[in-house]
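> structure here, sequence nowhere to be found:
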């Protein structure tokens, strides 16, 4: 979009040597060997088997394949999908790319009155915070604006908005927020409630409270939280639980952002009318306030450290829109990232590779261990400014989703992305052995049958079903981390 400034692309890669599978390459270890499946300690319904596992381990420098099993079969990548998505965005947009959020007008300011419309224009900044919002309204006031005479229009047209990141997931889940070019503090609010003894009802509070979220009592016999919808506000029903708190996902982030800005402005003495959705005309050239995000390499660092789904989608959708020349949906953005991968690495067999979305919050994505290792070898040749892509990944025993994994002597030896979804788990990245060897690897564990059964449930899953899925995921994780630690010791 014209409101976003793009830096130069990352430097072109040097194509790494093809991976080789010499006679010394090991197939899947036999039972009792390194990386073996742990003996089942829980019910069979909660235990992955060797038939669910695929991996590939290679020497990063020579390309020599060291170990492999089902490395060309397809698995659910879960959040490992964030690796190709963010890698593509860094190449397409450049590491110095910044998102721009601005307040513009087609009018002029006279005697404290903005005589014209005020336009709030977003470009997809995932990091925009409440502090940034206050700075934006203070800039507006410093321009001499005390009242807006015209309309207040919020423009989220730089991206195609969506009410949920994934339609497969419950819309009540905190991590399934709406997606918009106007995103504010992760698009969520905090709800706290407590039962009242006298009335038998519920007292609640919403933070932040801009009058945008409305809580209604649920019908008798209905427990928990349910999203109802609403016109201009978002309504939720709450019932059955006496005391508690929950993060609620915002479903219309653009309107929520505009409502918050209006309230912040009111608190510092600036009167702004109610927000309406629309597009910014070319005549709105006067910039009254603006905010530029940190550079993209820093945003990707944070995205991968915390495995943030919303940030990944916003970054990938922006990159895809740049390539396509128009805003893209979540699904189309993932397809564009996939096509970009195919063009950049034509030597790779991409058969079956699919990204259902960019962040991995779906069971429909597919990747083979070999494909992921090829992506990582490509990433190893590129730099994001002064940083390598590997340095943006979580670190064993220290950072992000690996902070509490592989600590002690294996701390700082693994730089990799984790992925977890019910009946699907993965880990892919780089490892430094105790002899100084550099390895690249991908390990995936997926149980498609159990995942299919899990998804077939039309009603809410029982506590026992969730427990079984979590037990399966926990044991799959132990399998993966034990195998990687074996590789570090062995090579």
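Right, received. Where do you want to start? What you are looking at is a predicted structure, and each value in this text was computed from that prediction instead of being measured. Numbers count the residues shown, from 1 in each chain.

> check contacts around residue 114.
105, 107, 108, 145, 147, 148, 149, 150, 288 (Cβ atoms under 8 Å, 6 or more residues apart in numbering). Every C-beta, even on glycine, is put in place using the N, C-alpha and C of the backbone.

> show the buried residues in those residues.
Buried by 16 or more other Cβ atoms under 10 Å: 105, 107, 145, 147, 148, 150, 288, out of these.

> turn those residues into TSV, including secondary structure and pLDDT.
TSV is the format used below for the buried ones among the contacts of residue 114 (DSSP: H, G, I helix; E, B strand; the rest coil; pLDDT from 0 to 100):
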residue	secondary structure	pLDDT
105	strand	97
107	coil	95
145	coil	96
147	strand	97
148	strand	97
150	coil	96
288	strand	97
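
> return the member of the residues you listed nearest to residue 227.
Lowest distance from residue 227 to the buried ones among the contacts of residue 114 (Cβ to Cβ) belongs to residue 148, with 31.6 Å.

> residues in contact with that closest one?
Taking Cβ under 8 Å, 6+ apart, we find residue 148 in contact with 113, 114, 117, 118, 270, 271, 272, 273.

> how near is the residue lying closest to residue 278 once chain neighbours are set aside to residue 314?
Nearest residue to residue 278, sequence neighbours excluded (Cβ to Cβ, 6 or more residues apart in numbering): residue 153, at 4.2 Å. Using Cβ to Cβ, to the nearest Å, one gets 21 Å for the distance from residue 153 to residue 314.

> who has more neighbours out of those two?
Taking other Cβ atoms under 10 Å, residue 153 and residue 314 do not tie; residue 314 has more neighbours (30 against 22).

> buried sites along the helix or strand hosting that one?
Element membership of residue 314 [criterion: DSSP states H and E] is helix 309-324. Within helix 309-324, the residues that count as buried by 16+ other Cβ under 10 Å are 309-323.

> repeat that for stretch 465-476.
Applying 16+ other Cβ under 10 Å to stretch 465-476 flags 468, 469, 471, 472, 473, 475, 476 as buried.

> just those: which are in helices?
Within those, residues falling in helices by DSSP state H are 468, 469, 471, 472, 473, 475, 476.

> where in the stretch 101-250 of the chain is pLDDT low?
196-201 (pLDDT under 70).

> quick one, strands of it?
Counting by DSSP state E, counting those that start in this stretch, the segments of the stretch 101-250 of the chain that form strands are 108-110, 113-115, 118-121, 147-148, 152-155, 188-195, 202-207, 213-217, 224-229, 234-239, 243-249.

> of all those, which lies closest to residue 74?
Checking the strands of the stretch 101-250 of the chain against residue 74 by Cβ to Cβ gives strand 243-249 as the closest, at 30.1 Å.

> helices and strands around the helix or strand following the closest one, which ones?
As assigned by DSSP H and E, the chain's next helix or strand after strand 243-249 is helix 253-267. Counting contacts by 3 or more Cβ pairs under 8 Å, 6 or more residues apart in numbering; DSSP states H and E, helix 253-267 packs against strand 118-121, helix 130-142, strand 152-155, strand 275-277.

> dump these to TSV, plus distance to residue 245.
TSV is the format used below for these (distance: least, Cβ to Cβ, whole Å):
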stretch	distance to residue 245
strand 118-121	30
helix 130-142	19
strand 152-155	29
strand 275-277	28
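
> ok, the most centrally placed residue in the chain to residue 178 distance?
By Cα atoms, centre = their mean, the chain has its centre lying nearest to residue 309, at 1.7 Å. Note on residue 309: its distance to residue 178, by Cβ to Cβ, is 12 Å.

> of the contacts of residue 148, just the buried ones, PyMOL syntax please.
In PyMOL, this line selects whichever of those come out buried by 16+ other Cβ under 10 Å:
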select buried, resi 113+114+117+118+270+272
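
> okay, the contacts of residue 148 in a markdown table with distance to residue 158 next?
Supplementary listing: those in a markdown table, determined by distance: Cβ to Cβ, whole Å:
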| residue | distance to residue 158 |
| --- | --- |
| 113 | 29 |
| 114 | 23 |
| 117 | 18 |
| 118 | 18 |
| 270 | 25 |
| 271 | 27 |
| 272 | 21 |
| 273 | 23 |
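
> pick the one among the contacts of residue 148 closest to residue 233.
Closest to residue 233, out of all of the contacts of residue 148 and judged by Cβ to Cβ, is residue 273, at 16.5 Å.

> pretty sure that closest one sits against residue 147.
No - using Cβ atoms under 8 Å, residue 273 is not in contact with residue 147; the gap is 9.3 Å.
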